[in-house]
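In: sequence and predicted structure below; questions after.
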Amino acid sequence: MIFLNLAIKSLKNRSFATMLTVVSVALSVALLLSVERAQRAAQEGFTQTISKTDLIVGARSGPLQLVLYTVFNLGNATHNVSFETYQDVKKNPAIEWTIPYSLGDSHRGYRVVGTNDDFFNHYHYRGDKKVELKSGKVLQGLWDVVIGSEVADKLNYELGHSVVIAHGVTKGEGVLHHETRPFKVVGIMKPTGTPLDRAVYIGLEGMEALHMDWHDGAAPSASKETPSSQIKIEDVKVHTITAFFVGAKSRIETLKLQRDINEYKNEPLLAIIPGATLSELWQGLSYVENVLRMISWMVLAVGFMGMLIALTTTLNERRREMAILRAVGASPRQILGLLVFESALLSMIGVISGMILSFVLTLSLQPWLENEFGLYLEGPAITSTEIAYMFVAIVVGTLIGLIPALRAQKQTLKDGLSVRL
């Protein structure tokens, strides 16, 4: 109790330096905890980009490539899957539902995806969350298009706007546009914080109709092109798709179903379990989170160095204080204990303040982080890892106090009472 009273009075006498020290430690701890929470949210968002999908099936290539161009719309497939093969595999009694997925074109830098109503009925992300529309309706007509929330926000699109799709995947406006076959926005999706927000969705028949009359990858002349008004959805035949998602009737049968699809004889196919592949991909990116965590620890180290400097530079001002304590009977060990206790007190106040600051920042910035970066800061308020970090920070801060404490212990009573010129 005496130590606590002495420490509090001493810190009050040096209130400005104390405040700066606490702020330095608090900001460092807040940064460390914020990076840890952001890393946890990024990992959760990454691995839960798609959920409740048992298999992703595409042309035989590599698991990572398949998950990149289907889940993240990055890259292109080496081969397509024939629609006949898709329909044949779909008949497997172990399959409950499928979602066809066709890639190829773009719109002002955003990927165009060909699919059907099964996408809106069965696609899940982040657990049991489904794709929902903010306004409008799902795909019905041949020239209908549903756009992701980011597409709508960035391009200022609303229901009824015309969308002209560009041939091939480009980052800009595209070179060859399907201007004679425009689509109409009939639906706008709610934000998901996933790559779904950055895509444009049309029907499989619409994707096929875009390239009707094309031969060997070349566009037809104006005289040989069928007007869009004369193309009926029932007259369009889908030939190929890029991949398809599979939901099994029983999770127990997933591995057997995967093996059956991989051994499909009519066409070389690759079936992967998305959760396992996404976890593997995240592990390959783990060096990024390690670098961020290392930077946070370095910032924390700088904060504690600031505390060490503050404690050390005030020793000269406290020489007389230490001498008076020695004169009234305090032993060198008690002087050392007092300074270490002050350091521990500063560390605890700084760590607790940093934790509170991190919570406040998380709550205030959560809506913005979800909308702008897709970081959903869910889960427990504090984890065992974060508790361990704070414990380590308090211990390190306490040990740092030993350095100025040992110096003060060596000061003699005569040195403290004498005046140096």
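Out: Nice, thanks for sending it over. Residues are numbered from 1 along each chain as shown.
In: distance between the ends of stretch 41-58?
Out: End-to-end distance for stretch 41-58: 29 Å, by CA to CA, to the nearest Å.
In: what strand or helix carries residue 270?
Out: Using DSSP states H and E, residue 270 falls within strand 269-272.
In: list the buried residues in the next helix or strand after that strand.
Out: Where DSSP H and E defines the elements, the next helix or strand beyond strand 269-272 is helix 274-284. For helix 274-284, burial by neighbour count (16 or more other CB atoms under 10 Å) applies to 274, 277, 278, 281. Placement of C-beta: from N, CA and C, glycine included.
In: from what I can see residue 343 touches residue 398, true?
Out: Yes. The pair residue 343 / residue 398 is scored as a contact, 5.6 Å apart, by CB atoms under 8 Å.
In: out of these two, which sits in the more crowded spot?
Out: Set side by side, residue 343 and residue 398 show more neighbours around residue 343, with 25 against 18, by other CB atoms under 10 Å.
In: may I ask which helix or strand of this structure has the lowest mean pLDDT?
Out: helix 413-417 (a mean of 48; mean pLDDT, DSSP states H and E).
In: please report phi then psi for residue 106.
Out: Main-chain dihedrals, residue 106, degrees, to the nearest 10: phi -150, psi 170.
In: just the pLDDT for it.
Out: Note on residue 106: pLDDT of 87.
In: change the start of the numbering to 350 and stick with it
Out: Noted, 350 is the first residue going forward, which turns the last one into residue 455.
In: that one against residue 512, yeah?
Out: No. Using CB under 8 Å, residue 455 is not in contact with residue 512; the gap is 11.2 Å.
In: which other helices and strands does the helix or strand hosting residue 654 contact?
Out: Applying DSSP H and E as the criterion places residue 654 in helix 635-662. Under the contact definition 3 or more CB pairs under 8 Å, 6 or more residues apart in numbering; DSSP states H and E, helix 635-662 sits against helix 364-396, helix 681-722, helix 733-749, helix 751-759.
In: redo these as JSON lines? Include mean pLDDT and distance to residue 551.
Out: Shown next, in JSON lines, are those (pLDDT from 0 to 100; distance: least, CB to CB, whole Å):
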{"stretch": "helix 364-396", "mean pLDDT": "79", "distance to residue 551": "26"}
{"stretch": "helix 681-722", "mean pLDDT": "79", "distance to residue 551": "25"}
{"stretch": "helix 733-749", "mean pLDDT": "84", "distance to residue 551": "44"}
{"stretch": "helix 751-759", "mean pLDDT": "72", "distance to residue 551": "67"}
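In: residue 410 is nearest to which of the ones you listed?
Out: Judged by CB to CB, the one of those that comes nearest to residue 410 is helix 364-396, at 21.0 Å.
In: what residues sit buried inside the closest one?
Out: 366-367, 370-396.
In: looking at the following helix or strand past it now, give me its mean pLDDT.
Out: Following helix 364-396 in sequence order, the next helix or strand is strand 404-408 (DSSP H and E). Across strand 404-408, the average pLDDT comes to 95.
In: and for stretch 533-553?
Out: Mean predicted confidence for stretch 533-553 is 92.
In: alpha carbons of that stretch, as PDB, please.
Out: Extracted in PDB, the C-alpha atoms of stretch 533-553 (Å, rounded to 0.1, in the frame of the first residue of the first chain):
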ATOM      1  CA  LYS A 533     -30.500  -4.300 -68.600                       C
ATOM      2  CA  VAL A 534     -29.900  -4.000 -64.800                       C
ATOM      3  CA  VAL A 535     -32.800  -5.800 -63.100                       C
ATOM      4  CA  GLY A 536     -31.200  -6.400 -59.700                       C
ATOM      5  CA  ILE A 537     -28.500  -5.000 -57.400                       C
ATOM      6  CA  MET A 538     -27.000  -7.300 -54.700                       C
ATOM      7  CA  LYS A 539     -26.500  -6.400 -51.100                       C
ATOM      8  CA  PRO A 540     -22.900  -6.000 -50.000                       C
ATOM      9  CA  THR A 541     -21.200  -9.200 -49.000                       C
ATOM     10  CA  GLY A 542     -17.600  -8.200 -48.400                       C
ATOM     11  CA  THR A 543     -16.500 -10.900 -50.900                       C
ATOM     12  CA  PRO A 544     -15.600 -11.000 -54.600                       C
ATOM     13  CA  LEU A 545     -19.300 -11.300 -55.300                       C
ATOM     14  CA  ASP A 546     -19.600  -7.500 -54.900                       C
ATOM     15  CA  ARG A 547     -17.100  -7.000 -57.800                       C
ATOM     16  CA  ALA A 548     -18.900  -9.000 -60.500                       C
ATOM     17  CA  VAL A 549     -21.700  -8.800 -63.000                       C
ATOM     18  CA  TYR A 550     -24.100 -11.700 -63.300                       C
ATOM     19  CA  ILE A 551     -26.000 -12.700 -66.400                       C
ATOM     20  CA  GLY A 552     -27.800 -15.900 -67.400                       C
ATOM     21  CA  LEU A 553     -26.000 -18.800 -69.100                       C
END
